[in-house]
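After the sequence you'll find the predicted model.
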Amino acid sequence: MKCDYCDSPATVFYTQAIGDGMKKMNLCDACAADHGLTDGDAYPMVEKIMDDIPEHVELLADDSATVCERCGFSLEDYRKVGRLGCSYCYTTFANEIQGGLEKLHSGITHEGKVPDGIVQDIVREKELQSMRDELEAAIAAEDFEKAAKLRDSIKERES
Amino acid sequence: MMRFSTLMKHPADWMTGKNTKNEVVITSRIRLARNLSDVPFPGWSKKTERVSTMEKILPAAESLKSMKNGFIHELSDLDALQKQVLVERHLISREQAARGTGSAAIIDRGQRLSLMVNEEDHLRMQAIRPGLKLKEAYGALAKVDEQLEQDLKFAYDQKLGYLTACPTNLGTGMRASVMLHLPALVLTEQIGQVLQAVNKIGFAVRGLFGEGTESLGHLFQISNQSTLGESEQTIISRLERVISQIESHESNARLKMLEDEPNQLSDRVGRAFGTLGYATVFDSKEAFAHISIMRMGAAMGYFPEGTMQACDSMMMDIQPAHLQLHAGAELEPEERDLIRAEILRSRLQKLNAPAISLRTSEHASDLDVTGDLNLENE
């Protein structure tokens, strides 16, 4: 994700709940520092910036995701036919769907069969994530030799 | 590959119901819904996407041991009548029958297992068994599911379970359903109460052919509604307990009719047999009603062994598509009614008349009248 002010990768994220929706702001280290948002007392600043510079703030109302970015299915379609476009729609329209589950089912969390291999997948994904974290740390520490090694083993595992 | 005609020649294992207690619970079915994770659901897929989904699923399905020499056909290869016959046999759904290119049906030789590709979900698989055998059916299907998982990546979420086109199937993706024959509960007018109670505890009740159909031949389908929040085993045990209770209600109602009004019961069974054997015009509804009473009579010992199975195959064979397949032509409803009666008359000729024992108030002992109805003894 990119910084809302420049093209550097964002490392500082702010989310503010407002009414039914939320406001989000993503900043890189440098821009966050420029706006005085890096120290612990920065909270009041965030609100000020969010209000002052609305063009940099993504406003996400509860149902702002009206179309699934993967398959193009719309929330309106779902409300009409009661079916979804693809498995990713469950993420896109999570708020809408979640509310209805209680009425349909005896619970809202899966208690049944777990597909074979899913457990390994989860373990693998966790390992990969910690390697990615290490990689970032290595880059930040300018330990490029270690970073290169990590990059290679991540690639290997991903394939 | 198995041809359609071969499939039709052999009744399914569950239709003959050999060595199984299926007087009240005719069949048990388990259905699982699965989807590939990276393609839109069938209803939102383009034709090319559906075809490529099918091409991914078919080899995995064909390599299943249980599908060896099975029936594997794209829906577009089957004509409307053939599809309808498969629906009447419960091997594919009505929804699937409406589909063509990009959808497929895979059925094993024993017609105990069927897979539908690109129905509402990418894959719907079903196992069917005679009698109350939900656990057995689930066991068989779980194995198939595990084998398919080796080749296919199913859409799954840790919190929501298996992801399905419709949130009503979310989680286990499992529908466990049981087909019940409940003539005595209908005749004694207890059925409303029983079904209401079933509904109250979260199970769905439907007529013979799924949603929106009225009950033919005193046949009812009961299935779970909730698929999320409980394990497959919990859902199945809960349903089995309820079904066992209904089963004993039905058995008790039959016994009570036999005790309280034996002559009326004999009369009903005798009339059903007589009508089926001699009527010349039969619509589905009336035919089903009589076969139902005869089936109950068979379960209660009015007929020799094997009669109940004969009733089950009559119920199967008088359905519209089966009739037309038999006649080899498309038929108008009035023509169907004639052929239906003709088939039933010829079937009945091969069956023994009910063994009726009449009880009269003057005679303390029962009079045994076997063979043809012989009322001279009264």
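Noted; the coordinates are in hand. Please read all numbers here as calculations on a predicted model, not as lab measurements. Numbering: from 1, shown residues only, chains lettered A, B, ... in the order given.

Mind splitting chain A into its structural domains?
Per automatic domain parsing, the structural domains of chain A span A:1-40, A:44-112, A:118-158.

among the ones you listed, which is nearest B:Lys9?
domain A:44-112 (37.6 Å; CB to CB). Quick note: C-beta positions are derived from backbone N, CA and C, even for glycine.

how about the helices of the chain, start to end?
Using chain A here. Here chain A has its helices, by DSSP state H, at A:29-34, A:43-52, A:75-81, A:89-92, A:94-104, A:118-140, A:144-158.

meant chain B actually
Going by DSSP H, chain B shows helices at B:4-9, B:13-16, B:47-62, B:80-88, B:94-97, B:134-151, B:183-187, B:191-200, B:232-260, B:262-278, B:284-299, B:307-317, B:320-327, B:333-349.

ok, is the fifth one in contact with chain A or not?
It stands for helix B:94-97. No: interface with chain A: helix B:94-97 contributes nothing (CB under 8 Å from any CB of the partner chain), its closest point being 11.7 Å away.

Buried ones in that helix, by neighbour count?
By 16 or more other CB atoms under 10 Å in any protein chain shown, the buried positions in helix B:94-97 come out as B:Gln96, B:Ala97.

by contact count, what packs against it?
Here helix B:94-97 touches helix B:80-88, going by 3 or more CB pairs under 8 Å, 6 or more residues apart in numbering or on different chains; DSSP states H and E.

Next, the angle helix B:320-327 makes with the helix it packs on.
Helix B:80-88 and helix B:320-327 meet at an angle of 130 degrees, taking axes from the mean of the first three to the mean of the last three CA atoms, to 10 degrees as the criterion.

Helix B:80-88 - contacts with which helices or strands?
helix B:94-97, helix B:320-327.

and the angle from it to helix B:307-317?
If you take the same axes, to 10 degrees, helix B:80-88 sits at 140 degrees to helix B:307-317.

Name the residues that touch helix B:80-88?
B:4, B:8, B:75, B:78, B:92-94, B:96-97, B:105, B:107, B:209, B:316, B:319-322, B:324-325, B:330 (CB atoms under 8 Å, 6 or more residues apart in numbering or on different chains).

check contacts around the residue lying closest to B:Met1 once chain neighbours are set aside.
Once flanking residues are discounted, B:Met1 sits nearest to B:Ile72: 5.6 Å by CB to CB, 6 or more residues apart in numbering or on different chains. Contact analysis of B:Ile72 by CB under 8 Å, 6+ apart lists B:Met1, B:Met2, B:Leu58, B:Ala61, B:Glu62, B:Ala104, B:Ala105, B:Ile106, B:Ile107.

one more time with 7 Å
B:Ile72 makes contact with B:Met1, B:Glu62, B:Ala104, B:Ile106, according to CB atoms under 7 Å, 6 or more residues apart in numbering or on different chains.

Give me the subset of those residues that lies in strands.
In this view, the contacts of B:Ile72 that belong to strands under DSSP state E are B:Ala104, B:Ile106.

Can you select the buried ones among the contacts of B:Ile72 for me in ChimeraX?
Buried members of the contacts of B:Ile72, defined by 16+ other CB under 10 Å, are picked up in ChimeraX with:
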select /B:104,106
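
Check pLDDT for the contacts of B:Ile72 and point me to the minimum.
Ranked by pLDDT, those bottom out at B:Met1 (71).

Against chain A, how distant is that one?
According to CB to the nearest CB, to the nearest Å, B:Met1 stands 29 Å off from chain A.

again with B:Gly161
To chain A, B:Gly161 is 3 Å away according to CB to the nearest CB.

Spatially nearest residue to that residue (excluding sequence neighbours)?
Nearest one to B:Gly161, counting by CB to CB, 6+ apart, is A:His110 at 3.1 Å.

Count the residues that sit near residue 141.
Let's take chain A. 10 (other CB atoms under 10 Å in any protein chain shown).

not what I meant, chain B
B:Leu141: 21 neighbours (other CB under 10 Å).

Can you name the residues of chain A that neighbour chain B?
Remark: the part of chain A in contact with chain B comprises A:71, A:73, A:82-87, A:90, A:97, A:100-101, A:104-113, A:115-118, using CB under 7 Å from any CB of the partner chain.

Would you mind listing which of those are buried?
A:71, A:73, A:83-87, A:90, A:97, A:101, A:104-106, A:108, A:110-113, A:115.

Show me these that map onto strands.
Going by DSSP E, the strands hold none of those.
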